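>>> the following block contains a protein sequence and its predicted model.
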Amino acid sequence: MLRTTLVTELANAPQQGRRYQYYDLIMVGFVVVLICSNLIGPAKVAQLSLPGIDTLFSFGAGNLFFPIGYIFGDILTEVYGYARARRVIWAGLFGVPGKLFCSLYALWRVRQSCRERQYY
């Protein structure tokens, strides 16, 4: 009876104070892979030639990075649970527009400095 009560108390104990050691690194890795697949994908074309086949396969280089994001998502879901995996996915989705605004700001600043120096 005492053992059953102890197991029930441990199962129902709040785990809010639980500390994950690699959660932050996996989150950063997921966001970086997602942003890199969007930056590299449209710009670079990868060509692959398989031995024995004379055909040259062409595809976007982002296709090499994007499956790595699925691996990160699978690790997050299996190890840290759905709630934490959703937070990481939302962080990645908010990171992509952040990358867009940073890129637009950098282009605007370069254009402003060129206008000030009258390069074009």
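Cool, got the structure.

>>> please enumerate the helices of this protein.
Ranges of helices within the chain are 2-12, 23-43, 62-75, 82-117, based on DSSP state H.

>>> ranking those helices by burial, who's on top?
Neighbour counts (mean count of other CB atoms under 10 Å) averaged over each of these peak at helix 23-43, with a mean of 17. C-beta: built from backbone N, CA, C; applies to glycine.

>>> what about the chain, any weak spots by pLDDT?
Across the chain, the stretches falling below the confidence threshold (pLDDT under 70) are 1-18, 119-120.

>>> show me the contacts for S49.
Contact partners of S49, counting by CB atoms under 8 Å, 6 or more residues apart in numbering, are T55, L56, F57.

>>> quick check: closest non-adjacent residue to L34.
Distances taken as CB to CB, 6 or more residues apart in numbering place G92 nearest to L34, at 4.4 Å, with adjacent residues excluded.

>>> again with L76
With sequence-adjacent residues excluded and distances taken as CB to CB, 6+ apart, L76 is closest to A85, at 4.0 Å.

>>> the one you found contacts G73, correct?
Yes - in this structure, A85 is within contact of G73 by CB atoms under 8 Å, at 6.4 Å.

>>> any idea how far R84 is from Y22?
Here the distance between R84 and Y22 works out to 12 Å (CB to CB, to the nearest Å).

>>> typo on my end, L48
The span separating L48 from Y22 equals 33 Å under the rule CB to CB.
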